[in-house]
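Q: Dropping the sequence and predicted coords here.
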Amino acid sequence: MRFPKTGLSKEEIFAKMQEYRGSDLEWSSGRVWSYVYDAGREAEEVGKRAYMDFLHESGLDPTAFPSLMRFENELVAMSAAHVNGDENVVGNFTSGGTESIILAIKAARDYFRVHKPEIKEPEMILPVTAHAAFHKAGHYLDVKPVLSAVDPVTFKADVESIRQAITPNTIVVVGSAPSYAHGVLDPITEIGQVTLEHGLWYHVDACMGGFLLPYFRRLGEDIPPFGFDVPGVWSLSMDLHKYAYCLKNASIILYKSNELRRYQIYACSNWTGYTIVNNAIQSSKTGGPIAAAWAVVNFLGDEGYLELARKKLEVMKQIVAGVDAIEDLQVLGSPQMCLVCFTSDTLNVFHLVDEMKLRGWFLQPQLAFDVSPENVHVSINAGNYDHAEAMLKDLRECVEIAKGIESSDLADTIREAFGQVDPADFDESAFQNMLAVAGMTGVELPERMAEINEVLNALPVPLREKLLVEFLNQLFA
């Protein structure tokens, strides 16, 4: 494919774009329970206008566009106060939770390079429920993830397991507020006591809950401390493009002091061009997301967010009660956030996801790992408020349908044929052989994904990962 020889008309361009998005999720329908966070048309319009007004302003150099720096400083100040930070807390705007997390781990690594240079192979302790972004950060930054246990009933981090995982190479301990998969808060204060005893960097991943949980507390929910009022917390990540309903990409990384944040910043004068100094991973970046985030936060305001939180809390309780009332389903843990997952001992949850999709509902499948079985996950937002009862009605009906669908033998066949393959030997040829065994001739996804998820669920984790890498490598061809 080559660049077009002559340009298309505006009408042709937008018609083609509409054609391309024909299979996309209808995110504003209220029937999508993952990925997209929608506070309504007015907030969307405010965000889009601000985004477009600052689309061409560049965040590369804060002295060139001081408006962007002002937006950023004000967003950081509001976010810090929201999680009980004092006047010493500093931070930056990032492109999302993953960038915020990578920056925190980078800062911790570089801090200990200075303060404990004898550590040559740094480690971070992650409860098995910690977000995959920490593994990604470790992969990029050469910081080894060391997994610790969680309670098999509550899915909260086991503090004693964290304590036992500490070695002379440990530099970071992570707690989640909440963990994505189950919507529960780790024992943040208790973990902080352990990190204080050992002089370790303590990062609280509040990407999902940092903005919303203080509102749940104000609405009477029992939400324990998780912010900078917890002794031992050194850094905290909090997304604005989730439950603050800002346009993607918008997240905040916060540090207890600028003495710690200094290790996040990168500068380079070691070349013939302009001096590089970056407070985040990106250099050139549009001012759109920062401006849009500032606009949406100021448009909705504290009272607006409290009312949105009230709606989400109501729907969360409705979903938990509704799922609990279905004999074949069990909610995992006791969700403290509007993230709910449920499993079943009597049916294949992957078929349940497929059946719901056929009725226009998008629910997220999660594979089994450690003490968490395969399950169905929903992220509840304000856009789902008027659709909860309809979703539960279809869920009850789809449970009965899924109970009548037998699991295929494909997962067992794939596991028998490839389960013992060394992931290091899994290459394009092995991938094509697996597709052949599965009866697939390419990487186009089938309408029903249950068999694919069953296969992934059956394979050892390292092989799952290699399979997914090879699939994505083929998909973007």
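A: Cool, the structure landed.

Q: all helices of the stretch 201-350 of the chain, in order?
A: Using DSSP state H, counting those that start in this stretch, the helices of the stretch 201-350 of the chain run over 213-218, 258-261, 288-324, 349-358.

Q: What would the first one look like as CSV? C-alpha coordinates only.
A: Output of helix 213-218 as CSV, limited to C-alpha atoms (Å, rounded to 0.1, in the frame of the first residue of the first chain):
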residue,chain,number,x,y,z
LEU,A,213,-12.7,6.5,46.0
PRO,A,214,-12.7,9.8,48.0
TYR,A,215,-16.2,10.4,46.7
PHE,A,216,-17.3,6.9,47.7
ARG,A,217,-16.0,7.7,51.2
ARG,A,218,-18.0,10.9,51.3
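
Q: looking at the protein, which helix or strand is least sure?
A: None of the helices or strands of the chain scores lower by mean pLDDT, DSSP states H and E than helix 428-437, at a mean of 84.

Q: Packing partners of the following helix or strand past that helix?
A: Using DSSP states H and E, the next helix or strand after helix 428-437 towards the C-terminus is helix 450-458. On a contact count with 3 or more CB pairs under 8 Å, 6 or more residues apart in numbering; DSSP states H and E, helix 450-458 meets helix 349-358, helix 410-418, helix 461-475. Quick note: C-beta positions are derived from backbone N, CA and C, even for glycine.

Q: neighbouring contacts of the shortest one?
A: The contact list for helix 410-418 (CB atoms under 8 Å, 6 or more residues apart in numbering) reads 426, 430, 434, 437-438, 451, 454-455, 457-459, 463.

Q: Ala64: how many residues sit nearby?
A: Per other CB atoms under 10 Å, the neighbour tally for Ala64 reads 11.

Q: Cross-check the contact I'm expecting between it and Ser58.
A: Yes: between Ala64 and Ser58 there is a contact at 6.8 Å, judged by CB atoms under 8 Å.

Q: low pLDDT regions in the protein?
A: Along the chain, the model assigns pLDDT under 70 to residues 441.

Q: Given the strand of greatest length in the chain, what are its sheet partners and their directions?
A: Identified as the longest strand of the chain according to DSSP state E is strand 170-176. Applying DSSP bridges to the sheet, strand 170-176 is found paired with strand 123-127 (parallel), strand 201-205 (parallel).

Q: Check which element follows that strand along the chain.
A: Using DSSP H and E, the helix or strand that follows strand 170-176 in sequence is helix 188-198.

Q: So what's the residue count around the nearest residue to Glu454 once chain neighbours are set aside?
A: Nearest residue to Glu454, sequence neighbours excluded (CB to CB, 6 or more residues apart in numbering): Ala411, at 4.0 Å. Ala411 has 21 neighbouring residues, counting by other CB under 10 Å.

Q: Distance of Ala411 relative to Asp142?
A: Going from Ala411 to Asp142 by CB to CB, to the nearest Å gives 35 Å.

Q: same check, this time on Asp222
A: Going from Asp222 to Asp142 by CB to CB gives 40 Å.

Q: Tyr274 now?
A: Remark: distance between Tyr274 and Asp142 (CB to CB) = 29 Å.

Q: Just the residues contacting the least confident helix or strand of the chain, thanks.
A: Residues outside helix 428-437 that contact it (CB under 8 Å, 6+ apart): 413-414, 417-418, 421, 441-443, 467, 470-471, 473-474.

Q: hmm, which of those are the buried ones?
A: The neighbour count (16 or more other CB atoms under 10 Å) marks 414, 418, 421, 467, 470-471 as buried among those.

Q: I'd like these as TSV, with distance to Val353 appended.
A: TSV is the format used below for the buried ones among the contacts of helix 428-437 (distance: CB to CB, whole Å):
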residue	distance to Val353
Ile414	19
Phe418	24
Val421	27
Leu467	19
Glu470	23
Phe471	19
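
Q: closest to Glu327 among those residues?
A: Ile414 (31.5 Å; CB to CB).

Q: Check which residues of stretch 162-176 are buried.
A: Across stretch 162-176, burial judged by 16+ other CB under 10 Å covers 162-163, 165-166, 169-176.

Q: got the contact list for the nearest residue to Val297 once chain neighbours are set aside?
A: Spatial nearest neighbour of Val297, chain neighbours left out: Ala244 (6.2 Å); criterion: CB to CB, 6+ apart. Taking CB under 8 Å, 6+ apart, we find Ala244 in contact with 211, 250, 293, 296-297, 300, 305.

Q: Most neighbours of all those residues, which one?
A: Of those, with other CB under 10 Å as the count, Ala293 tops at 28 neighbours.

Q: Does that residue touch Ala250 like I think?
A: Yes: assessed by CB under 8 Å, Ala293 is found in contact with Ala250 at 4.2 Å.

Q: so what's in contact with these two at the same time?
A: In terms of CB under 8 Å, 6+ apart, Ala293 and Ala250 are both contacted by the residues 93, 240-241, 244.

Q: Let me know the closest of these to Cys398.
A: Distances from Cys398 to the shared contacts of Ala293 and Ala250, taken by CB to CB, are shortest for His241, at 30.2 Å.

Q: correct me, but that closest one touches Ile252?
A: No: the pair His241 / Ile252 is not scored as a contact, 10.3 Å apart, by CB under 8 Å.

Q: more neighbours, these two?
A: A count of neighbours by other CB under 10 Å puts Ile252 above the other of His241 and Ile252, at 29 against 24.

Q: gap between that one and Ala104?
A: Distance of Ile252 to Ala104, computed by CB to CB: 11 Å.

Q: what's the answer for Asp205, then?
A: For Asp205 relative to Ala104 (CB to CB), the value is 9 Å.

Q: Now do the shared contacts for those two.
A: The contact sets of Asp205 and Ala104 overlap at Ser237 (CB under 8 Å, 6+ apart).

Q: need the contact list for the residue lying closest to Leu308 once chain neighbours are set aside.
A: Once flanking residues are discounted, Leu308 sits nearest to Ala382: 4.8 Å by CB to CB, 6+ apart. The contact partners of Ala382, by CB under 8 Å, 6+ apart, come to 38-40, 245, 308, 311-312.

Q: repeat for Gly210
A: So Gly210 contacts 79, 82-83, 177, 226-227, 236-239, 252 (CB under 8 Å, 6+ apart).

Q: Quick one: which of these is the most crowded by neighbours?
A: Leu236 (32 neighbours).

Q: and that one, how far is that from Leu435?
A: Going from Leu236 to Leu435 by CB to CB gives 43 Å.

Q: cool, His351 as well?
A: 22 Å.

Q: of these two, who's got more company?
A: More neighbours surround His351 than the other of His351 and Leu435, with 24 against 16 (other CB under 10 Å).
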